[in-house]
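S.K.: How does the following fold in three dimensions:
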Amino acid sequence: MINSTDLFARLGSADLFGENGLCPCDVEILDPLDYLDSGSLVDTNGNLLIDIFFVGQIRRTLDSIEARELKAFMQAGGVVHMAGGNENNPGFGYEKLWQELGWE
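M.R.: Residues are numbered from 1 along each chain as shown. Sure, this is the predicted structure:
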């Protein structure tokens, strides 16, 4: 079974991507919350700018702009892979996203 650690290791391997890799696409690994802003995942027409967004483990709560952008991304068909919280506080940091999605 592949877990998040395996997935991260595979995404971090440049040999798997590009012209001679298993996937002919490029992968850019950045700290996701530094780049999550209005218009960063979905353009003004509601079109996806990327297909998959890996949020990972966050140590703070999403702000309203981040939550709205993730909602728009998910509604446009984007895939979000997120890991949040810990055993004592599952989902920590995503409360605003749940509110935006009406899942609270």
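
S.K.: Any regions of the chain where pLDDT drops low?
M.R.: Along the chain, the model assigns pLDDT under 70 to residues 1-5, 7-8, 26-32, 56-57, 84-92, 104.

S.K.: How is the most far-flung residue of the chain relative to its centre classified with respect to secondary structure?
M.R.: The centre of the chain is farthest from one residue, residue 20, which by CA atoms, centre = their mean lies 26.0 Å away. For residue 20, the assignment made with DSSP: H, G, I helix; E, B strand; the rest coil gives coil.

S.K.: Would you report the backbone torsion angles of it?
M.R.: phi -100, psi 10 (degrees, to the nearest 10).

S.K.: Off-centre distance for the longest helix along the chain?
M.R.: As assigned by DSSP state H, the longest helix anywhere in the chain is helix 64-75. When C-alpha coordinates are averaged (CA atoms, centre = their mean, to the nearest Å), helix 64-75 and its chain have centres 10 Å apart.
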